[in-house]
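Student: Based on what follows, work out the 3D shape:
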Amino acid sequence: MIQPSKLDAVKEALVKLGIQGMTVTGAKGFGRQKGRPLAFLGLLDLEGKPFTIDFIPKVRIEIVVNDDITDQVVDTIVSTAKTGTIGDGKLFVIPVSRAVRIRTSEENEAALTIEEPATISDSRKK
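Tutor: As a prediction, this is how the structure comes out:
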């Protein structure tokens, strides 16, 4: 989970590292800060209390990589996404026991390898 404003920089850094694909989804969440008070903008609720955004927008990036480059990918994401402020996000590293490319039934490392792009007409010939 990273700040949305960091997505392009993180993507560029990962592509330079050789990452060939990722899945990105929008998310909302909060941590210790329990949301973001907006009093500094002069926004108050009907009771005169600072208006608070309860959930902060985030971007979830999902990447599956071989074990031998996991640390390098983690270091790249952290160094690129880090602003040093509360809300920079979290990174979770979890094991993947199996990967299957649905189209070809290839598994594990073969399922993670990006093939040469096929054209639409190539895929219709099959």
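Student: any idea which element Val73 lies in?
Tutor: helix 70-81 (DSSP states H and E).
Student: no wait, Pro57
Tutor: strand 56-62.
Student: now the end-to-end length of stretch 60-76.
Tutor: Taking Cα to Cα, to the nearest Å, stretch 60-76 runs 16 Å from one end to the other.
Student: now what about it, what contacts it?
Tutor: If you take Cβ atoms under 8 Å, 6 or more residues apart in numbering as the criterion, stretch 60-76 is touched by 1-2, 7, 10, 13-14, 17-19, 21-27, 77, 91, 93, 96, 99, 109, 112. Placement of C-beta: from N, CA and C, glycine included.
Student: Now for the protein, the helix or strand with the poorest mean pLDDT.
Tutor: In the chain, no helix or strand scores lower on mean pLDDT, DSSP states H and E than helix 120-125, which sits at a mean of 53.
Student: which residues in this protein form helices?
Tutor: 7-17, 70-81, 109-112, 120-125 (DSSP state H).
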